[in-house]
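**Student:** Quick one, what's the 3D model for this:
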Amino acid sequence: MAKGTFYIETYGCQMNEHDSEKMASLLEGLGLTPASEADKADVFIVNTCAIREKAEHKVYSALGKLTSYKAKNPAMVAVVAGCVAQQEKEKLLKRVRDLDAVLGTHQIAELPAVIEKIKHDRSRIVEASFCSDAGSLHIAAPRKGRSPVCSFVTIMQGCSNFCSYCVVPFTRGPEQSRARTEIISEVKELAARGVKEITLLGQNVNAYGKDRRDGDSFAGLLSNLDQIPGLLRVRFTTSHPRDFDDDLANAMADLGTVCEHIHLPLQSGSDRILRAMNRGYTFPEYRTKIRTLREAVPGVAITADMIVGFPGETEEDFQQTLQALEEIRFDQIFSFKFSARPNTAARRLPLHFEEEIKAERLAKVHALQDRITQEYHHAAEGTVEEVLIEGTSPKSGQLFGRTRTNKIVNLDAANDARVGDLIEVEIVRGLNHSLVGHKIGRTTQDS
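**Tutor:** Numbers count the residues shown, from 1 in each chain. Sure, this is the predicted structure:
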C-alpha cells in the first residue's frame, strides 16, 4: 500500500483498547501513519462496543459522519470492527452505505488483507466468523501501547457464562484460553523492551485454562509470570466471582509481582436478582469470597460492576444492593442502568423499567459509592505508596502513575522522576477520583 494515514475511534473495554493497539500495529506494518483527525485519514476504523445500548448509539453517531468524510476523500476505506460488527454483520453494510468492511472480534488479523482488497476492487466485505483456536487470534504485542512501561496482554477470549443480560458470549464467542507458553513468551518480549507492568485481559480472566486439558490454571500462570526478569507488576481483569478461589487469593498474597487489586463484579446485592441474572452465586457466597481475599491480602483494593433497574427489581432488591455497597465498601465501582441487549435472555423478561426509575436508582448508587471512595482517598493522606510512573497528563502536564492498588496518583510538583520510575510517594491530598502525591524516594529507575 502507498503511504497514507489511519484513524481508529475506540469504544468500550480494555480488550477493545488493546484490539485497537493491535490494529494500529498492523496498519503501521502497511506503511500507514496515524492521522490527527478522522476526516484526514485514508483508513478510518470504528472499534465498537455492544455491551450497552448507549455505547452502540455512539457507534452509529460516529458512522453518521462517514458521508462527509468520504466527500472530502472518496478513496477513504471505512471499517467497523469489534462487538457491534460481530453482532450486526451484514446489517451494518445495509444500514451504512458508505461503509466498506465489517470485521468481527476474531478477524483482527485479517485487517491488512481486507484493506488491500477494498483498495484493489472496492469490494464491500464482511468477515465475522468465530475461530475455534485461541492461538489463531494472537497478534504480536504492539510496539506502541498506552504507555512505554505498561502493556495489555490478552490471555483468553470470550465467555461461556451466559449471564442473562450480557451480549459477550454472542459477540466474543465461548471461552478460549491461549497456551501458557505463548503468553509467557509474549510477556518476556515485553519485559525485554522495558515494559514493567502488564495487565492480563480476558472477559473471564480467572477462568483461564479451564477450557484446556493441559493442566493450565490462572494461579499457575501468575506464578510463571512472577519469575520473568524485569517485570515488576502484574494486573488482571475481568474476574468472575464464581471462578474466584483460594488458589487465586494465595497467588495474590504470595507473588511479589501480582498487585493488590481485583475487579470482581457483583452486579446486585439481591439473591433474587442474581438468580435472574444467571450469575451463579449468592450475595453471602460473594461476601465470603471477599472475606477470604481480605484475610489473605490485607489492604487489597476491590472494585466491582453494578447494574440497577434489572427487569423486576423491586425496591427491596434495590435496597439490598445499597446495603451490599455499605457492607463490602468497594474502593470504586462501575455502575450502569440495565440495558436490554440483542439475543440475551433478560431482553425477554417482563417488568422492564422506565428510564426515569433507572436513572433515579443509579444516582443513589453513585452518591453512596462516591462517599465511600472519598473516604478511602482521604484516609490515604499521609501514607507512603509505591507508584509506577506511567506518563504525563495531557491536560495538566503532571507526571502520573498508579499505586499497587490501582489508584491514580498525580505528582504535585516538578521533580526528577521520569516515566518508568518506581518511586515512593507521600500522598498529600485525596481527590474524588485520584490522589495527589509528593515524591520522597526512588525504588528503581528505568534504564
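**Student:** okay, which residue is most central for this structure?
**Tutor:** In the chain, the centroid-proximal residue (C-alpha atoms, centre = their mean) is Gln14; its distance is 2.5 Å.
**Student:** thinking that one is in contact with Thr199, fair?
**Tutor:** Yes - look at Gln14 against Thr199 with C-beta atoms under 8 Å: they come within range, at 6.9 Å. All C-beta atoms are positioned from the backbone trio N, CA, C, and that covers glycine.
**Student:** where do the contact lists of these two overlap?
**Tutor:** Common neighbours of Gln14 and Thr199, using C-beta atoms under 8 Å, 6 or more residues apart in numbering, are 152, 237.
**Student:** tell me which residues in the helix or strand where Gly441 lies are buried?
**Tutor:** When elements are assigned from DSSP states H and E, Gly441 belongs to strand 435-444. Buried positions in strand 435-444, judged by neighbour count with 16 or more other C-beta atoms under 10 Å: 435-437, 439.
**Student:** Next up, the contacts around Phe218.
**Tutor:** Shown in contact with Phe218 (C-beta under 8 Å, 6+ apart): 205-209, 236, 243, 247-248, 251.
**Student:** Quick one: the helices in the stretch 251-400 of the chain, in order.
**Tutor:** 271-276, 283-296, 315-328, 355-379 (DSSP state H, counting those that start in this stretch).
**Student:** one step back: which member of the buried residues of strand 435-444 is positioned nearest Ile357?
**Tutor:** The nearest member of those to Ile357, counting by C-beta to C-beta, is Leu435 at 35.0 Å.
**Student:** shouldn't that closest one be in contact with Ile408?
**Tutor:** Yes - if you go by C-beta under 8 Å, Leu435 and Ile408 touch, sitting 6.8 Å apart.
**Student:** anything in contact with each of the two?
**Tutor:** With contacts defined as C-beta under 8 Å, 6+ apart, no residue is shared by Leu435 and Ile408.
**Student:** Tell me the spacing between Val387 and Phe130.
**Tutor:** Using C-beta to C-beta, to the nearest Å, Val387 is found at 41 Å from Phe130.
**Student:** repeat for Tyr281
**Tutor:** Counting by C-beta to C-beta - Tyr281 and Phe130 are separated by 28 Å.
**Student:** Same check on Phe162?
**Tutor:** In terms of C-beta to C-beta, Phe162 sits 15 Å off from Phe130.
**Student:** These two - which one has more neighbours?
**Tutor:** Neighbours were tallied for Phe162 and for Phe130 using other C-beta atoms under 10 Å; the higher tally belongs to Phe130 (17 against 14).
**Student:** ok, Ala296 to Ile262 distance?
**Tutor:** Per C-beta to C-beta, Ala296 is found 11 Å from Ile262.
**Student:** Overlap in contacts, the two.
**Tutor:** Shared contacts of Ala296 and Ile262 (C-beta under 8 Å, 6+ apart): Met252.
**Student:** Give me the more crowded residue out of the two.
**Tutor:** Comparing Ala296 with Ile262 by other C-beta under 10 Å, the one with more neighbours is Ile262, at 27 against 16.
**Student:** Could I get the buried residue list for stretch 344-356?
**Tutor:** Applying 16+ other C-beta under 10 Å to stretch 344-356 flags 344, 346, 349, 353 as buried.
**Student:** I'd like to know which elements the strand holding Gly441 is packed against.
**Tutor:** With contacts taken as 3 or more C-beta pairs under 8 Å, 6 or more residues apart in numbering; DSSP states H and E, strand 435-444 sits against strand 384-392, strand 408-411, strand 422-430.
**Student:** Compute the number of surrounding residues for the closest residue to Leu232 other than its chain neighbours.
**Tutor:** Among residues not flanking Leu232 along the chain, Lys196 sits closest, at 4.5 Å (C-beta to C-beta, 6 or more residues apart in numbering). Counted with other C-beta under 10 Å, residues neighbouring Lys196 total 24.
**Student:** Quick check: Lys196 vs His438, distance?
**Tutor:** Relative to His438, Lys196 is positioned 22 Å away (criterion: C-beta to C-beta).
**Student:** cool, Arg193 as well?
**Tutor:** 30 Å.
**Student:** ok so, going back, of the contacts of Phe218, which pair is most distant in space?
**Tutor:** Greatest spacing in the contacts of Phe218, by C-beta to C-beta: Ala207 and Ala251 (14.7 Å).
**Student:** I'm done for today, thanks for sticking with me.
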